[in-house]
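Q: got a predicted model here, sequence first, then my questions.
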Amino acid sequence: MPRAKTVVRTSCNRDCPDACVILAEVSEGRVTALRGEPEHPVTQGFLCSRTSRFLERQYDPERLTTPLLRRGERLEPASWDEALDFVAERLLSIRAESGPASIFHYRSGGSLGILKALCDRFFELFGPVTTKRGDICSGAGEAAQLADFGESDSSDLHDLLNARHILLWGKNPYVSNVHLLPVLMEARRRGARLVLIDPVWHRTAGLCERHVQPRPGGDFALAMGVARALEEAGGIDDEATGYCSGLEEFAALYGRRPVRDWARAADVTEEEVRDLARRLAERPCAIQVGWGMQRRANGSAIVRALDALGAVSGNLGISGGGVSFYFKRRGAFDFGPAHGGNAEPPPRTVCEPRLGQELLELDRPPIRACWITAGNPVVMLPDSETTVRALSRLDLLVVVDSFVTDTARLAHVVLPAATMLEDEDLVGAYGNHYLGSVVPAVRPPPGVATDFEILRRLAPRVGLGAEFGGTAREWKRKLLGKIAPLGVTLERLETEAVRNPLAPVVLFADRKFPTSDGRVHLVSEEPVELSGEDGYPLYLMSLSTEKSQSSQWAGPPRRPQGPAVVRVHPEASNGLPDGSTARIESRIGWLLVRVEHDSRQRTDVAVMDKGGSRALGRCANSLVRARLTDGGEGGALYDERVRLVPV
Ligand SMILES: Nc1nc2c(c(=O)[nH]1)N[C@H]1C(S)=C(S)[C@@H](COP(=O)(O)OP(=O)(O)OC[C@H]3O[C@@H](n4cnc5c(=O)[nH]c(N)nc54)[C@H](O)[C@@H]3O)O[C@H]1N2
Ligand SMILES: Nc1nc2c(c(=O)[nH]1)N[C@H]1C(S)=C(S)[C@@H](COP(=O)(O)OP(=O)(O)OC[C@H]3O[C@@H](n4cnc5c(=O)[nH]c(N)nc54)[C@H](O)[C@@H]3O)O[C@H]1N2
Ligand code: SF4
Ligand SMILES: [Mo]
């Protein structure tokens, strides 16, 4: 007899711009297959390679199925009561002895579920405790757009179909934004012309008619050259004076050098600069700003320069134009009920990219306890060794995760979290305006709990029981409070594709900007870059890979073994043959790697995967110093210089 098979319609909660709608096939309490919803205008019936393989994580024998409690050197299985009683007792006594500021709550992007904010609520009510500030992922770019436009949002994804030119500026959709690809292909079919601007060669180059390969961080100079060339070609929008502040200062800035010199500073040709200017002048021209580019010391200034290019060329507020960096994924939800209602701000904050160093430095009171959820900071934040040192010194480290990660290894208590196929949540996307509902395809295994359930069990133990009543579904309805009156109910989200009704179709169509004077604020200063160091000729580009979601790999083998691969131009390999083993060294660390030659790369970059395990010697952040971006307190992750040496 055939087994009864059901299909559950849910949403992907991973840190990804797409927020796909997933069809999960379930048979006898087990998920047997995952597919993309064919009817959804963004998902279009396919999932990325990493989530297509999610069942390997879901049913990985190494998945945690019980809480772990440290006994001496070892983490040993414990019951939920034992683990939660221990955590509650330690949190209460540390708060009593040293105050709530001695407790640090760190939540990262393991899940972008909106209900995960209830964890923030818990620590607001319990404290308020110390929290993070800045943003390792997109801090620099968001700060730039807030400064320029007063908000960071985008026109509809499908409005790209109206573009004549699309500039993919520091963006690799084949890896990081795969559901943008069908839109780009359709736009191209309708006549749009695509250019990639990226120091690294990747597959997206093949989708574009041109690949401009500036030096890493050279984009500010490149953009200034483009602005100058635009002016020379008469391409500055006559109406720009009406909606831009600081036009004269901006003109003085790009006027500091001739086009030829800006091109040289960016390490591109003058012709490439003039060609980009021509495309901007042939409106509508859409600038798609990648997230990778702003993770550098001048990252905020680069995004500000691209904002300015979009503005003065008259591409803002028109269909097929725009400077898209982010979609306000939280904008549809009402976070009022999710917040603690505690009027007090956090007593202190820790700058995310400098987490290790700041945890060590904070004094009066020192940080004694840390609760980490949906994050793997040892691997994903720069300067891994300092993060390890800081987290190893605590009186209490609680990590909520589905696996014993490099961070969980250091914990006193590890609480096993449910996966997205077992969770109940809501999502918004940062690459389109659609909303989704996460519904459990299966129940968590016995011994595993959702983040919400963990809070619900812990709350009464610390006197917060009344604050975490209700079911996850009831909380979902509360958070939909703002858009339910506009017809966005849970029931609709769970059966059809629903666009955020509050989001604009064409952003800034009225050319009014939510800045202090209602106008675009143009960048007026040249940023400072981190200088190179003698003997370290290569920029370490530790980038997203299709094989994993940050540090979450899928197998088999789930975690790749052996030395990490570093791709370099043959002339940048220091004489090391293709396939050889070498050491990659920075000022703060080294790793054993396998060298791969790739003559399409520049001679000043070394490309490797982000998210490699530290325990397996594959962690790029063991090499990267914790240095900040020029705005938004992001991490200058790709400015670290390295060298390859024979072993
Ligand atoms: N498969 C997969 N997908 C992912 C993720 C993943 O880990 N794996 N991570 C997710 C996350 S956390 C995020 S934030 C998003 C975005 O994830 P990101 O990895 O930020 O993706 P991109 O926006 O494509 O940005 C990467 C590109 O920026 C380029 N870049 C770096 N420096 C410069 C520069 O100075 N100038 C220029 N012009 N380009 C530069 C890199 O060469 C690279 O091609 O994707 C998500 N998608
Ligand atoms: N060198 C270098 N470093 C980088 C980057 C880079 O490009 N290069 N990229 C940066 C970027 S863009 C980002 S966003 C950060 C990402 O940094 P993180 O957000 O720390 O990355 P993840 O590996 O996604 O870690 C999330 C952890 O959450 C767990 N998790 C997943 N779902 C859930 C859940 O529902 N509940 C709980 N409790 N846990 C869950 C996963 O198992 C995983 O261990 O890394 C940054 N670090
Ligand atoms: S990770 Fe992104 S592309 Fe992959 S299934 Fe999830 S939302 Fe879609
Ligand atoms: Mo990110």
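A: Good, I have the coordinates. Ligands and ions are numbered 1, 2, ... in the order given.

Q: so what pLDDT did the spatially closest residue to Leu230 that is not a sequence neighbour get?
A: Spatial nearest neighbour of Leu230, excluding adjacent residues (C-beta to C-beta, 6 or more residues apart in numbering): Ala277 at 4.3 Å. Glycine gets a C-beta too; all of them are placed from N, C-alpha and C. Looking at Ala277, its pLDDT reads 98.

Q: tell me the SS of Ala277?
A: With DSSP: H, G, I helix; E, B strand; the rest coil as the basis, the three-state label of Ala277 is helix.

Q: just Val87 next, same as before
A: Going by three-state DSSP: Val87 is helix.

Q: start at 752 instead
A: OK, 752 is where the count begins now, so the last one is Val838.

Q: so what's the residue of the stretch 902-1051 of the chain at minimum distance from ligand 1 up against?
A: Scanning the stretch 902-1051 of the chain for the residue nearest ligand 1 gives Gly1043, at 2.3 Å (criterion: C-beta to the nearest ligand atom). Gly1043 sits next to Gly921, Lys922, Asn923, Ser927, Leu1294, Ser1295, Tyr1389 when contact means C-beta atoms under 8 Å, 6 or more residues apart in numbering.

Q: and this protein, which residues reach ligand 1?
A: For the chain, the contact set with ligand 1 under C-beta under 6 Å from any ligand atom comprises 766-767, 801, 860, 888, 920-923, 926-927, 948-951, 953, 967-968, 970, 1041-1044, 1047, 1292, 1294-1297, 1299-1301, 1389.

Q: just give me how far stretch 907-920 sits from the chain centre.
A: 22 Å (C-alpha atoms, centre = their mean, to the nearest Å).

Q: go on, stretch 1136-1150?
A: The answer for stretch 1136-1150 is 23 Å, by C-alpha atoms, centre = their mean.

Q: same question, stretch 1098-1113
A: With C-alpha atoms, centre = their mean, you get 20 Å for stretch 1098-1113.

Q: stretch 1378-1394 now?
A: Distance, stretch centre to chain centre, for stretch 1378-1394: 15 Å (C-alpha atoms, centre = their mean).

Q: now do it: distance from first to last residue.
A: End-to-end distance of stretch 1378-1394 (C-alpha to C-alpha, to the nearest Å): 19 Å.

Q: same question, stretch 1192-1199
A: OK, stretch 1192-1199 end separation, C-alpha to C-alpha: 15 Å.

Q: thinking again about what came up before, just curious, which of the contacts of Gly1043 is nearest to ligand 3?
A: Closest approach to ligand 3 among these (C-beta to the nearest ligand atom): Ser927, at 8.9 Å.

Q: the closest residue to that closest one other than its chain neighbours: neighbour count?
A: Once flanking residues are discounted, Ser927 sits nearest to Ser1295: 4.9 Å by C-beta to C-beta, 6+ apart. Ser1295: 19 surrounding residues under other C-beta atoms under 10 Å.

Q: and the one 5 residues further on, by the same measure?
A: Burial measure for Gln1300: 22 neighbouring residues, criterion other C-beta under 10 Å.

Q: who's it bridged to?
A: For Gln1300, the beta-bridge partners under DSSP bridges are Gln1303.

Q: surely it and Asn764 touch.
A: No. Checked against C-beta atoms under 8 Å, the pair Gln1300 and Asn764 is beyond contact range at 10.7 Å.

Q: how long is stretch 1264-1278 from one end to the other?
A: In stretch 1264-1278, first residue to last residue: 24 Å (C-alpha to C-alpha).

Q: should've said stretch 855-870
A: 12 Å.

Q: how about the residues of the chain by ligand 3?
A: Cys763, Arg765, Cys767, Asp769, Ala770, Cys771, Leu798, Cys799, Thr802, Val929, His930.

Q: what residue lies at the spatial centre of the protein?
A: Geometric centre of the chain, nearest residue: Cys888, 4.2 Å, by C-alpha atoms, centre = their mean.

Q: quick one: buried ones out of the residues of the chain next to ligand 1?
A: Buried members of these, scored by 16 or more other C-beta atoms under 10 Å, are 766-767, 801, 860, 888, 920-923, 926-927, 948-951, 953, 967-968, 970, 1041-1044, 1047, 1292, 1294-1296, 1299-1301, 1389.
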